[in-house]
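Undergrad: Test case, fold it:
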Amino acid sequence: MPGRYAHLTPSAVQGALAESLAELRCTLELPEAYPADAEAEAAAVADAAAVDGSDDARPDLTDLPFHTIDPEGSRDLDQALHLERSGEGFVVRYAIADLAAVVRPGGAIDAETRRRGQTLYAPDGSVPLHPLVLSHGASSLLPGERRRAYVWQFTLDAEGAVASTTLTRAWVRSVRQWSYPEAQAAIDDGSAPEEVALLQTVGPLRIALEAARGGASLNSPEEEVVEGEHGYELRRRTPLVVEDWNAQLSLMTGMAAADLMLGARVGILRTLPPAEPDALAEFRRKVALLDRPWPDDIDYGEYLRRLDPADPATPAVLQAAAALFRGAGYAAFDGEPPAQVEQAAIGAPYAHATAPLRRLVDRWSLAICQAAANGREIPDWARASLGELPSIMQESGGLASRLEGGAVDRIEAAVLHARIGDVLDAIVLAETKGGSRVQIADPFVTATVREKADPGSRVRVRVESTRIDTGEVALRLAG
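TA: Model prediction:
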């Protein structure tokens, strides 16, 4: 039933949505203000020498023009890049924010970050992993600022394969912060500097290598929450190609991190088991019913890469493919590596090592990799606490998923409130126990109708009611 939201004005809808999002934060018991002792510790270390003494041997690479590429308006900038040609191949430098230099093991920041696990993103404000004086300030790779970083240097051959890798803690300076649209436009029109423009050469080479090793990715349109003039809105966003190129540098770094930790026989991997034969068979059956058969002579990664984004059946294919990417986890080890070391979607062992401002585990990965790459002892703090990380990351990941899902549900209910009684065009994504999952074209909303319908088919749905307080939407097939 529509209940108390039956006849709200647009401004009242936004008020109800703000109230509902605030209630969601309370229900999920999200962390609130950073503890005073951790804030004080962050203020003290922000402009001080590194807490671990690493500044004494830190080389100065600030003459290299690093660049960051992130979503528009980002302040927690973890990565900066610099690419150049080297003979037939390339040199890729990837700088990652150095949090081990400012987080004292056993201190107040360390304790609070272990409680939080990762930065949580919500439409009405994020919950940062670190105090903002660090994550938006002294440790963020902001343009024009001298910053501590782990600098990965990859020598690539002409095909983009890694020939050698080094890892150094250094001083770096980013010269520009690019948004994805800005970087894409500059690369397309030829105005980007070479250290950024080479992404259009190195990125496709790395994508080809991903295909060769059997990696796969779901590059599906995103349901993006934006804050417009009249409140929160939903927008269909297809990732730009520069985002994929940029992501390939992060994947390359994560694979190098996994190799270093496996060689040192200590570390933590991000794992994903291969899809079960039954899941592959079911996926093959579903896409055949969609009249988009999966050819026997290519793997599912190549099949997914060949999908046409404009094909109306593609959303249903991607929905079916999601079942192949289940079971991700973290595997910590000190001695014998785990039996399952591969991240199946990547097609190689992989570790999280490129987002330490926003993800706790990366601080451990980077500290272990830096020691392993330079023949040094693994820091005691990292080795002693490895076993705690899988549960911390799994719990915080589950919380992030519940927050994202709950927020999107409530915004969808608010967006559709003004369309109650309207009939809208949609595509059926999948059958569910209670009906069918559909994707409405405009507004870009995913919801469930009560009736069964064939996946991939175009349908019309009537909006019967919405509940902004719970995110519930009632739809029925129309005609």
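Undergrad: So which residues of the stretch 351-479 of the chain form helices?
TA: 361-373, 380-384, 389-417 (DSSP state H, counting those that start in this stretch).
Undergrad: The longest one versus helix 361-373: what angle between them?
TA: An angle of 140 degrees separates the directions of helix 389-417 and helix 361-373 when computed by axes from the mean of the first three to the mean of the last three C-alpha atoms, to 10 degrees.
Undergrad: Just the buried residues of helix 389-417, please?
TA: Residues of helix 389-417 classed as buried: 389-390, 392-393, 396-397, 399-400, 403, 406-417 (neighbour count, 16 or more other C-beta atoms under 10 Å). Where C-beta positions appear, they are placed from N, C-alpha and C, glycine not excepted.
Undergrad: Which elements pack onto it?
TA: helix 10-27, strand 222-228, strand 231-237, strand 329-334, helix 361-373, strand 445-449, strand 458-467, strand 472-477 (3 or more C-beta pairs under 8 Å, 6 or more residues apart in numbering; DSSP states H and E).
Undergrad: just to revisit the earlier point, of the helices of the stretch 351-479 of the chain, which approaches residue 85 most closely?
TA: helix 361-373 (24.2 Å; C-beta to C-beta).
Undergrad: Please give me every residue in contact with the nearest residue to residue 371 once chain neighbours are set aside.
TA: Leaving aside its chain neighbours, residue 371 sits nearest to residue 378 (5.0 Å; criterion: C-beta to C-beta, 6 or more residues apart in numbering). Residue 378 sits next to 264, 266, 367, 368, 371, 372 when contact means C-beta atoms under 8 Å, 6 or more residues apart in numbering.
Undergrad: got it, and residue 180?
TA: With C-beta under 8 Å, 6+ apart, residue 180 has these contacts: 69, 70, 71, 72, 240, 242, 243, 246.
Undergrad: what does residue 94 give?
TA: Counting by C-beta under 8 Å, 6+ apart, residue 94 touches 79, 80, 81, 151, 152, 153, 154, 249, 250, 252, 253, 354.
Undergrad: Could you rerun that using 7 Å?
TA: The contact partners of residue 94, taken as C-beta atoms under 7 Å, 6 or more residues apart in numbering, are 79, 81, 152, 249, 253.
Undergrad: Now go through the residues you listed and say which are in helices.
TA: Among these, the members falling in helices (DSSP state H) are 249, 253.
Undergrad: could I get the contacts of residue 94 as TSV with distance to residue 57, neighbour count and pLDDT?
TA: Shown next, in TSV, are the contacts of residue 94 (distance: C-beta to C-beta, whole Å; neighbours: other C-beta atoms under 10 Å; pLDDT from 0 to 100):
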residue	distance to residue 57	neighbour count	pLDDT
79	23	25	98
81	24	23	98
152	17	27	98
249	26	23	98
253	22	27	98
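Undergrad: got the contacts of residue 94 as TSV, with distance to residue 189 columns?
TA: Shown next, in TSV, are those (distance: C-beta to C-beta, whole Å):
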residue	distance to residue 189
79	24
81	20
152	29
249	22
253	28
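Undergrad: any idea which of the contacts of residue 94 is closest to residue 458?
TA: Distance to residue 458 across those (C-beta to C-beta) is lowest for residue 249, with 38.7 Å.
Undergrad: Locate the closest residue in space to that closest one that isn't next to it in sequence within the secondary structure: which element?
TA: Of all residues not flanking residue 249 in the chain, residue 94 sits nearest, at 5.5 Å (C-beta to C-beta, 6+ apart). Using DSSP states H and E, residue 94 sits within strand 89-97.
Undergrad: Report the angle between that strand and helix 361-373.
TA: 130 degrees.
Undergrad: right, and the helix or strand after strand 89-97?
TA: helix 108-116.
Undergrad: Low-confidence regions, this structure specifically.
TA: For the chain, residues meeting the criterion pLDDT under 70 lie at 1-8, 218-223, 228-230.
Undergrad: so who does residue 70 touch?
TA: Residue 70 makes contacts with 77, 179, as judged by C-beta under 7 Å, 6+ apart.
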